[in-house]
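A.B. asks: sequence plus predicted model, see below.
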Number of protein chains: 2
Amino acid sequence: MTYNFSRRINELKPSAIREILKVTQDPTVISFAAGNPSVETFPAKEMAEIAADMFANRAGDALQYGVTEGYNPLRDVTAKRLREKYNVGTDNDDLIIVTGGQQGMDLTAKAFLNEDDVIICENPSFIGSLNCFRSYKAKLVGIPLEFDGMDMNVLEETLKQEKNVKLIYVIPTFQNPTGRVMSLEKRRQLLEIAKKYDVMIIEDNPYFELRYSGEYVPTIKSMDTEGRVIYVGSYSKILSPGIRLGFVCAPKEVISKLTVGKQVSDVHTNLFFQMLAAEFLTKYDLDAHIEKIRDIYRAKRDAMVKAMDANFGGMMTYEIPDGGLFMWGKLDDSLDGAELCKLSGKMGVVPVPGSSFLVNDKETSPCVRFNFSLPTFEQIDRGMELMGQALKEYTAK
Amino acid sequence: MTYNFSRRINELKPSAIREILKVTQDPTVISFAAGNPSVETFPAKEMAEIAADMFANRAGDALQYGVTEGYNPLRDVTAKRLREKYNVGTDNDDLIIVTGGQQGMDLTAKAFLNEDDVIICENPSFIGSLNCFRSYKAKLVGIPLEFDGMDMNVLEETLKQEKNVKLIYVIPTFQNPTGRVMSLEKRRQLLEIAKKYDVMIIEDNPYFELRYSGEYVPTIKSMDTEGRVIYVGSYSKILSPGIRLGFVCAPKEVISKLTVGKQVSDVHTNLFFQMLAAEFLTKYDLDAHIEKIRDIYRAKRDAMVKAMDANFGGMMTYEIPDGGLFMWGKLDDSLDGAELCKLSGKMGVVPVPGSSFLVNDKETSPCVRFNFSLPTFEQIDRGMELMGQALKEYTAK
């Protein structure tokens, strides 16, 4: 039988990373490809205690249908923490619990993008979001990402030229894939430009609490006085990703549209873990827990920097990120990160080629993304030795 | 600020039931409005044991990212049971785990419906699905639902007239809202007609195992030799709805498109409860568990029939369903179920007006849906007494 699929789905390709991750299920392969947190950062013991108590005393509520907006105590504790600690959210805002940050992007796209509308993205950017926007048949326009964030001149030129620009999508803090942080100055400029051209901003901020060095830069949302920023957050990197808990903080009118969109997508997010997370956040000290995660990842980042120093010998440059999960390496401009990855894969070590993150996925890139949160210290050392050999072989060609 | 939302979301209204359910949070109100299972049917004790063991021994895996298709042991045990017990699924089919049956509908719509494509639905039908199809800006065409299923003559006439019909959506067994079962003959006819006009069928089948009387009617999918039926199932009514676990069994090519669609929607379904469900289905006897649920709901259905007999006195007719969660009442054709519901609501008892389930939601309906799974026996008795009073008052006008 021939299936007559929708245009949107026919044009959508599975994520390249997804295909790479399948290769890395071979246990002898050292993977720097994932975006997974380290298992040791999950508060499993505390979760187990809460779950046991929930099953004993509140199982009926936790296993029953819930409301689409999310479990109220989780919404409240999330909104309170965002507002008090980070100045994110105002009396005009509301907060919805979503099935992972990815659903925040999906519902925002659903609520704003008509076919052929334009969404502006950092280039490179997170492939999951780019594919999500593609699934709405939006036109994606990439803006070169500088060390301190989007090139604001190109952004403004683009906004002058493109019609029907609805959204600007940014990951301002510890960007995926580059690990870069948008400067405070550029954050302010972005808000001004968005206002001037009447465009909404999606601030995707799953990594910002994973800071290992440098100084905190306020969120774009905290500087938004108009209700122009849709803030997408996640518990994936500070509690655990398998529970699929994220949230969106945005103007009430926007949240009410996201709620209508979520109702027809999955009705509500797993209620048991919403209740469990609410209790964890109330009973335990999340900030102390995050401090522990930072210590673990800081050490891993430092180990990766050291191993790169020892093995790359100028064949590849790299940026040392102040936080997040990724390091971004770059070959000479004439070279191709994908070729290097193919070669290193044969030698048993797998990063992700930079081209996977490009808005135009037919372009090549001299860059490569390395994840440091998931591999062990031993894997980082051995993996970078192998990367060094792959680099020698590739650059000698 | 004025927000420039997408056309699809601007035209989408929140479910009327959702608004009704908010009213019923008043504990003095007797609600027949929900579609919730009864808390006593959740296997909470067994789930608690599995969860404790999982936290002790497999927490790292259960809390980490998973693959989009779903946890393999859950896919396997689900597919095996469907195939062996119900002849659902062939070697050409595959199965994906989704975040509740609702997501099965959403991903199918995403994979097949371009804007203005036609989807044919039973009229009345499940509002969550209708709204989902509306969110893709599809054209919904309703086919009158007879006691034994869709009117096949009207269906064929419609297929002759409408262009770009992509999907026919049916809930053939214990339909929501009517509780009706499509006859075997009509199931066969539906397959033939779908073949003749080259249209796919969505068989939404969340209730079929909740049979309290009468004889099993084979699923449409079990008679599908071509790969034309997309079968959407759910664990919401046989395990619990708060865990958001459903599944889609369909031709491999279709499942691969749903997978690409799901990846950009929520990456994967809560992995902890996928693992927990897989273990429940392997360790415990689901069929025996379903037998217990049937006994509970059969008694509730019978209690509701008895209470209607005692209180409705010919002012409202009703069908006795062989399964599912709902009874469908009907006033004289000249009357309006919504008016009755308004009146009964003031008296403290809340069903759902039939008009909520119509494809054209501007029409009125003389029908009313009553849920019998959630209320207690006392609530059924007292609620139907009040309904009887409301009926007297309304029909005396």
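C.D. replies: Yep, it's here. Worth saying up front: this structure is predicted, and the values here are computed from it rather than measured.

A.B. asks: show me what the helix or strand hosting A:Gly142 pairs with in its sheet, parallel or antiparallel.
C.D. replies: Following DSSP states H and E, one finds A:Gly142 within strand A:139-146. Partners of strand A:139-146 in the sheet, by DSSP bridges, are strand A:118-123 (parallel), strand A:149-150 (antiparallel).

A.B. asks: so which of those comes closest to B:Glu226?
C.D. replies: Proximity to B:Glu226 (C-beta to C-beta) singles out strand A:118-123 among the strands paired with strand A:139-146, at 38.8 Å. (Each C-beta comes from the backbone N, C-alpha and C, glycine too.)

A.B. asks: just checking, next helix/strand downstream of the closest one?
C.D. replies: Next helix or strand after strand A:118-123 toward the C-terminus (DSSP H and E): helix A:127-134.

A.B. asks: neighbouring contacts of that following helix?
C.D. replies: Contacts to helix A:127-134, defined as C-beta atoms under 8 Å, 6 or more residues apart in numbering or on different chains, come from residues A:8, A:11-13, A:15-17, A:102, A:105-106, A:109, A:113, A:119, A:121, A:140, A:169, A:204, A:356-357, A:359, B:263-265, B:267.

A.B. asks: what about that helix, average pLDDT?
C.D. replies: Mean per-residue pLDDT for helix A:127-134: 96.

A.B. asks: same question for stretch A:14-21.
C.D. replies: 70.

A.B. asks: if we can go back for a sec, select, out of the strands paired with strand A:139-146, the one closest to B:Ala307.
C.D. replies: Closest approach to B:Ala307 among the strands paired with strand A:139-146 (C-beta to C-beta): strand A:118-123, 55.0 Å.

A.B. asks: distance between the closest one and the chain's centre?
C.D. replies: 15 Å (C-alpha atoms, centre = their mean, to the nearest Å).

A.B. asks: same question, stretch A:191-198
C.D. replies: That offset, for stretch A:191-198, works out to 24 Å (C-alpha atoms, centre = their mean).

A.B. asks: the lengthiest helix in chain A near chain B at all?
C.D. replies: As assigned by DSSP state H, the longest helix anywhere in chain A is helix A:286-312. No. On the criterion C-beta under 8 Å from any C-beta of the partner chain, helix A:286-312 is out of touch with chain B, staying 13.5 Å away.

A.B. asks: and the helices in chain A?
C.D. replies: For chain A, applying DSSP H gives helices covering A:7-10, A:16-23, A:44-57, A:59-63, A:72-86, A:101-112, A:127-134, A:152-161, A:184-196, A:252-263, A:271-283, A:286-312, A:337-347, A:377-396.

A.B. asks: A:Ser135 reaches A:Ile9, doesn't it?
C.D. replies: Yes. If you go by C-beta atoms under 8 Å, A:Ser135 and A:Ile9 touch, sitting 7.3 Å apart.

A.B. asks: which one's more surrounded, these two?
C.D. replies: A:Ser135 (23 against 19; other C-beta atoms under 10 Å in any protein chain shown).

A.B. asks: tell me, how many residues neighbour the residue nearest to that one when sequence neighbours are not counted?
C.D. replies: Excluding the flanking residues, the one nearest A:Ser135 by C-beta to C-beta, 6 or more residues apart in numbering or on different chains is B:Val264, at 5.0 Å. If you count neighbours by other C-beta under 10 Å, B:Val264 ends up with 27.

A.B. asks: so A:Tyr197 touches A:Val165, yeah?
C.D. replies: Yes. Counting by C-beta under 8 Å, A:Tyr197 does reach A:Val165; the two are 6.8 Å apart.

A.B. asks: low-scoring stretches of the stretch 51-200 of chain A, by residue?
C.D. replies: Across the stretch 51-200 of chain A, nothing is flagged by pLDDT under 70.

A.B. asks: up against chain B, what does it have?
C.D. replies: The stretch 51-200 of chain A comes close to chain B at residues A:51-52, A:55-56, A:59-60, A:62-66, A:68, A:99-100, A:102-103, A:106, A:110-115, A:117, A:128, A:131-132, A:134-135, A:166, A:200, as judged by C-beta under 8 Å from any C-beta.

A.B. asks: for A:Pro14, phi and psi?
C.D. replies: Phi and psi for A:Pro14, reported as degrees, to the nearest 10, are phi -60, psi 150.

A.B. asks: excluding chain neighbours, give the residue nearest to it in space.
C.D. replies: Counting by C-beta to C-beta, 6+ apart, the residue nearest A:Pro14 is B:Val260, at 5.4 Å.

A.B. asks: for A:Asp61, same thing?
C.D. replies: Closest to A:Asp61 by C-beta to C-beta, 6+ apart is A:Met275, at 7.3 Å.
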